[in-house]
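>>> generate coordinates for the sequence data below:
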Amino acid sequence: MIVLDASVLIALCDWNDVHHRRALAIFRDHRSEGMTMSALTVAESLVRPAREGTHHRVLELLGAMRVHVRPLTADDTVLLAKLRGRWGLRMPDAVVLHASLCTGAELATFDEALLATARSIGVQTVQVTSAEPATV
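Here you go, the predicted model:
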């Protein structure tokens, strides 16, 4: 299982994003492992598409890629608060880290600060082996 940060989905959907090819490689190399995103992370990924009226395409892509959307519940609140407070994270980053910790899944992100925090607390992170053009 792979937990996706918004940065990965945003890069996948934007051909001009500097990380687009790396995002393609993540989906290509890890699709058989299963992927998940929190509902908040999906919402964060949809800000620009919602503004442009293309959010339905992103949601269709998530469905086609069989990305599981994890709900946030009241049971998650204390650990989220602790993660945010202890590491000085923004709440969206705390949510992504929380998802990795709760599932034991690797984290895929292009956010260097989140990557460093995840590694410092022992969360496994996805390594992109090749950023060659790929078809998802």
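
>>> and the longest helix along the chain, how far out from the chain's middle?
Longest helix in the chain, counting residues (DSSP state H): helix 91-103. Its chain's C-alpha centre and that of helix 91-103 lie 9 Å apart, by C-alpha atoms, centre = their mean, to the nearest Å.

>>> cool, stretch 94-113 as well?
On C-alpha atoms, centre = their mean, the centre of stretch 94-113 falls 7 Å from that of its chain.

>>> run through who's touching that stretch.
1-8, 11, 19, 22-23, 26, 30, 36-38, 40-41, 70, 72, 76, 79-80, 83-84, 87, 89, 93, 114-115, 117-118, 121, 123-126 (C-beta atoms under 8 Å, 6 or more residues apart in numbering). Quick note: C-beta positions are derived from backbone N, CA and C, even for glycine.

>>> buried stuff in it?
Across stretch 94-113, burial judged by 16 or more other C-beta atoms under 10 Å covers 94-101, 103, 105-111.

>>> that older thread, what's the average pLDDT for the longest helix of the chain?
Helix 91-103 shows a mean pLDDT of 96.

>>> now that helix - C-alpha only, PDB.
What follows is helix 91-103, C-alpha atoms only, in PDB (Å, rounded to 0.1, in the frame of the first residue of the first chain):
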ATOM      1  CA  MET A  91      -2.600  20.000   8.900                       C
ATOM      2  CA  PRO A  92      -2.700  18.600   5.300                       C
ATOM      3  CA  ASP A  93       0.900  17.200   5.900                       C
ATOM      4  CA  ALA A  94      -0.100  15.800   9.300                       C
ATOM      5  CA  VAL A  95      -3.000  14.000   7.700                       C
ATOM      6  CA  VAL A  96      -0.700  12.400   5.100                       C
ATOM      7  CA  LEU A  97       1.800  11.300   7.700                       C
ATOM      8  CA  HIS A  98      -1.100  10.000   9.900                       C
ATOM      9  CA  ALA A  99      -2.300   7.900   7.000                       C
ATOM     10  CA  SER A 100       1.100   6.300   6.500                       C
ATOM     11  CA  LEU A 101       1.500   5.700  10.200                       C
ATOM     12  CA  CYS A 102      -2.000   4.100  10.600                       C
ATOM     13  CA  THR A 103      -1.700   1.900   7.600                       C
END
